[in-house]
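Student: Have a look; sequence and predicted model below, questions after that.
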Amino acid sequence: MLINKNKRLMIFLVSLITFLIIFKFLFNTLRSNTIYFFSPSEILKLSKLPEKKIRIGGMVKKNSINEKGDKYEFVLTDFNQEISVTYSGILPNLFVEGQGAVVEGKLVSRKYFIGTKILAKHDENYMPKEVADSLKKINNTKKIK
Amino acid sequence: MTNIVGNLLIFLSLSSSFVSAYFYFKKKVSFFLKSYLLSCLLCFSSFFFLIYCFVVSDFSVSAVYQNSHSTKPLIYKIAGSWGNHEGSMLLFTCIIAIYGFVFFYTSKNVESNFRNLTIFFQNLLKIIFLFYLFFLSNPFDYVFSNPTEGLGLNPILQDPLLLIHPPFLYFGYIGFSLILSLVLSGLIKNFFDKEWASFSKNWVIVSWTFLTVGILLGSIWAYYELGWGGYWFWDPVENASLMPWILSVALIHSMLIMEKNNTFKSWTALLAIFTFSLSLFGTFLVRSGILNSVHTFANDPERGLFILGIIIFIIFFSLIIFILKTNFTEEKKNIVFLSKENFLMYNNLFLIFFLLVVIIGTVYPIILATFSNETISVGPFYYNTILAPFVFVFLFLMGTGPMMKWYKNEFKSKVSLIISIGLISLILVLVLCYLSKKINIIYVLGLFFSFYLISATIYEIALNTKIVKIKQNLGKNLSHLGFGLLIMSVTLNSFFSKEYNFMINLNEKFTSDDIEILFEDFRITKQSNFDQFSTKFKISKNNETIILRPSIRKYNQPEQLTSEVSIKNTLLKDFYLAINYSSIGERRLIGARYYENFFILGIWISSIIIIFGGISRLIFRK
């Protein structure tokens, strides 16, 4: 009986430790594979520039798209703050001035972003959910003021 | 006028469901069954009526107005009836009714108390969803402005695959509602034993087969329509369909143990409860507007909240019955180490782990966004890194498990067999590595373990010489074989596929490695519901030339651009070209994405083999 109890305790402990290791592994991988999203206003408030790849989103400002050699330059705005973006690559079908866009890439300074990927959207009425949410947040704070 | 008829049909179906429930409590069995069948028929007719409204383009009905257009091809008018939130929920409710209906006609020789209670629960579920349909998501709402034209269906959904993808997926999801009803009434009527397991297993396999077909169709659609070169993106919406799939595989295997020796009852009951809950959770994720994808039709938080309420209600209700009714005098049988049931237990453990990984990856961003203001997304790398090593072990167990005996540890006598199968796989891997001149630890392990499963399964098939045995084991063997081939194809695909992105103008050439891509020609044509900008590309590689004709469509209702990819399939690899057009800047360039995707055909074929496993199990059931 006693041996049986000890054996059970051992099995319990071993499986507990295995589970803990697996979960540690799981959450570590999760953390290193998440991409954060910021709006231009949020970027201004950041205390430290993120080292990792991030996504930013907003509306593409009217008359802000410039073509320079292989690169495109444009300004993303949330109607409160702006950020300039450079991007070399293929622009998606629905990348149009005055519409929402989400860009993935690296933040160089609070006002300058190098994009590596522009995310595809499905239709012209659709605004990326993240952009819509961040615009909503700004409108709410403006109303309070 | 039409909206009154539609509403009336739904209302009558709802009332006859209530009448049916009333007669059940009054113990008037024949009235109970008759009114149940009537409510099912009314439910079906309301759905057919909605299709009729779509076909004749009756824009006074809100679902038609918002999702159809008179110039749309007939087939997409019909598909439009489930290509929107309200219509798809009507289809959802109809399928609950279909399962109840079919169960009624196929269960005549089942114990009648158990059968009636199952139908009662199925009726209860139908009531809940009819209620939701009638008050919160009514497809027959009246449009007061009296429009003469509709708003059109999202062009990306105008695809033949999407005609059949949602119905299959729904038949999969909702099949588990019947399993839940069977579990609950089995528990209450003390019918939850061996016999229950072998009877209900067929229904689980029916739903599982439908769900697999649905997922496969969705994946093929994503490959052809989205133009990103891949077949699986670990998108939350895809994960939503994968979660009940994983759990239903676990359920099938735990039912095998229950069928054999009357144990694992509580576990089976819990799996069944949570499989249906996860199916509903998938519907909630997709329909609530929490996620953002092609599938989210409505951003109506009220609806999402209601579905969430339904899920919580069903889980609590089922768990209460489960707790009250599980006083099994379960025969204490110790599970023998390395016996067949032991391996089936490992199968369940691994599947639960896979499920956890997928759930965490899908739900963590939602929770984070709700409780803090951080918005994140989880990349595919998370899933691939975590799942890969465990899938390898899983493949080994999957190949070894079927060799084992029930109740006995005969592992020792099989060691030489396992080693020889391992050696065969090793030789195959070495040959493949030599041929492809590629060595990478994940690649080698992935191939080794999938070869192991494939050869072990082929050995199992070859072992059976009697026709009866072959028929009995065909389902299992085909599904296992298909899974091995699937992992093999996925591994090969991820290590050989190539991607090239470039901008190109007419008559220009793009060269990289040993490929030459020439933009030869373009043409603009008009169709009834879109304008098409078609191109012609010539791709040359090692004296081989292929012509690909990708195009861009500009749909007029609603106005939207879509890229139509052009794919040339061969057995070994697909040549895949997608273009988009950017009108910004002086140079009007075409942006092109060219992919060489290996073993895509292998992925489709192995999935089809898995599906045939399910079908043959149903044909050759005992």
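Tutor: Nice, I can see it. Small disclaimer: the values here were computed from a predicted structure and weren't measured. Residues are numbered from 1 along each chain as shown, chains lettered A, B, ... in the order given.
Student: these two touch, right, residue B:50 and residue B:80?
Tutor: No - if you go by C-beta atoms under 8 Å, residue B:50 and residue B:80 don't touch, sitting 9.8 Å apart. Every residue, glycine included, has its C-beta placed from N, CA and C.
Student: hey, what's in contact with both of the two?
Tutor: Common contact partners of residue B:50 and residue B:80 (C-beta atoms under 8 Å, 6 or more residues apart in numbering or on different chains): residue B:87.
Student: Show me how the record splits the chain into domains.
Tutor: I went with chain A, as the question did not name one. Annotated domains of chain A cover A:1-34, A:36-144 [automatic domain parsing].
Student: please go with chain B instead
Tutor: Listed by automatic domain parsing, the domain ranges of chain B are B:1-153, B:154-333, B:392-496+B:610-619, B:498-601.
Student: Need the ones you listed in a markdown table (columns: distance to chain A and mean pLDDT).
Tutor: As requested, those are exported to a markdown table (distance: least, C-beta to the nearest C-beta, whole Å; pLDDT from 0 to 100):
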| stretch | distance to chain A | mean pLDDT |
| --- | --- | --- |
| domain B:1-153 | 10 | 91 |
| domain B:154-333 | 4 | 87 |
| domain B:392-496+B:610-619 | 12 | 93 |
| domain B:498-601 | 3 | 84 |
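Student: Spatially central residue for chain A, please.
Tutor: Nearest to the mean C-alpha position of chain A, counting by C-alpha atoms, centre = their mean, stands residue A:37 at 2.4 Å.
Student: same deal with chain B?
Tutor: Most central in chain B (C-alpha atoms, centre = their mean) works out to residue B:215, at 3.1 Å.
Student: Identify the residue spatially nearest to that residue, adjacent ones excluded.
Tutor: Excluding the flanking residues, the one nearest residue B:215 by C-beta to C-beta, 6 or more residues apart in numbering or on different chains is residue B:241, at 5.2 Å.
Student: residues near the residue lying closest to residue B:380 once chain neighbours are set aside, how many?
Tutor: Nearest non-adjacent residue to residue B:380, counting by C-beta to C-beta, 6+ apart: residue B:234, 4.5 Å away. By the criterion of other C-beta atoms under 10 Å in any protein chain shown, residue B:234 has 19 neighbours.
Student: so who does residue B:234 touch?
Tutor: Contacts of residue B:234 by C-beta under 8 Å, 6+ apart are B:361, B:378, B:379, B:380, B:382, B:383.
Student: Now do the same for it: helix, strand or coil?
Tutor: The local conformation at residue B:234, judged by DSSP: H, G, I helix; E, B strand; the rest coil, is coil.
Student: Likewise for residue A:5?
Tutor: helix.
Student: Compute the number of surrounding residues for it.
Tutor: Residue A:5 has 9 nearby residues by other C-beta under 10 Å.
Student: tell me which element residue B:621 falls in.
Tutor: For residue B:621, there is no helix or strand it lies in under DSSP states H and E.
Student: Excluding covalently adjacent residues, which one is nearest to it?
Tutor: Going by C-beta to C-beta, 6+ apart, residue B:621 has residue B:202 as its nearest residue, at 5.7 Å.
Student: just residue B:573 next, same as before
Tutor: Nearest to residue B:573 is residue B:598, by C-beta to C-beta, 6+ apart, at 4.6 Å.
Student: repeat for residue B:486
Tutor: In this structure, residue B:486 finds its nearest non-sequential neighbour in residue B:606, 4.0 Å apart by C-beta to C-beta, 6+ apart.
Student: In terms of secondary structure, what does the helix or strand where the one you found lies contact?
Tutor: Element membership for residue B:606 (DSSP H and E) is helix B:600-619. On a contact count with 3 or more C-beta pairs under 8 Å, 6 or more residues apart in numbering or on different chains; DSSP states H and E, helix B:600-619 meets helix B:194-221, helix B:467-496, strand B:573-582.
Student: Contacts for the shortest one next, please.
Tutor: What that stands for is strand B:573-582. With C-beta under 8 Å, 6+ apart, strand B:573-582 has contacts from A:90-93, A:95, B:227-229, B:496, B:533, B:535, B:537, B:539, B:546, B:548, B:550-552, B:561, B:563, B:565-568, B:588-601.
Student: Out of those, which sit inside helices?
Tutor: Members of those lying in helices (criterion: DSSP state H): B:496, B:600, B:601.
Student: wait, what's in contact with the last one?
Tutor: By C-beta under 8 Å, 6+ apart, the residues touching residue B:601 are B:569, B:570, B:571, B:574.
Student: Turn those into a markdown table, including neighbour count.
Tutor: Listed next are these as a markdown table, based on neighbours: other C-beta atoms under 10 Å in any protein chain shown:
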| residue | neighbour count |
| --- | --- |
| B:569 | 13 |
| B:570 | 10 |
| B:571 | 8 |
| B:574 | 19 |
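Student: Taking these together, which two end up most distant?
Tutor: Spatial extent of the contacts of residue B:601 (C-beta to C-beta) is set by the pair B:571 and B:574 at 10.0 Å.
Student: what number of residues lie near the spatially closest residue to residue B:452 that is not a sequence neighbour?
Tutor: Spatial nearest neighbour of residue B:452, excluding adjacent residues (C-beta to C-beta, 6+ apart): residue B:425 at 4.5 Å. Number of residues near residue B:425 (other C-beta under 10 Å) recorded here: 21.
Student: Give the helix, strand or coil label for residue B:425.
Tutor: Going by three-state DSSP: residue B:425 is helix.
Student: quick one: it from residue B:178, how far?
Tutor: Residue B:425 is 40 Å from residue B:178, where distance means C-beta to C-beta, to the nearest Å.
Student: Please, which helix or strand holds the residue lying closest to residue B:459 once chain neighbours are set aside?
Tutor: With C-beta to C-beta, 6+ apart as the criterion, residue B:459 has its nearest non-adjacent residue at 6.6 Å, and that residue is residue B:421. Under the criterion of DSSP H and E, residue B:421 resides in helix B:411-436.
Student: Mind giving me the packing neighbours of that helix?
Tutor: Helix B:411-436 packs on helix B:380-400, helix B:441-463, going by 3+ C-beta pairs under 8 Å, 6+ apart.
Student: Enumerate the positions of the last one that are buried.
Tutor: Think helix B:441-463. Neighbour counts over helix B:441-463 (16 or more other C-beta atoms under 10 Å in any protein chain shown) mark B:443-457, B:459-461 as buried.
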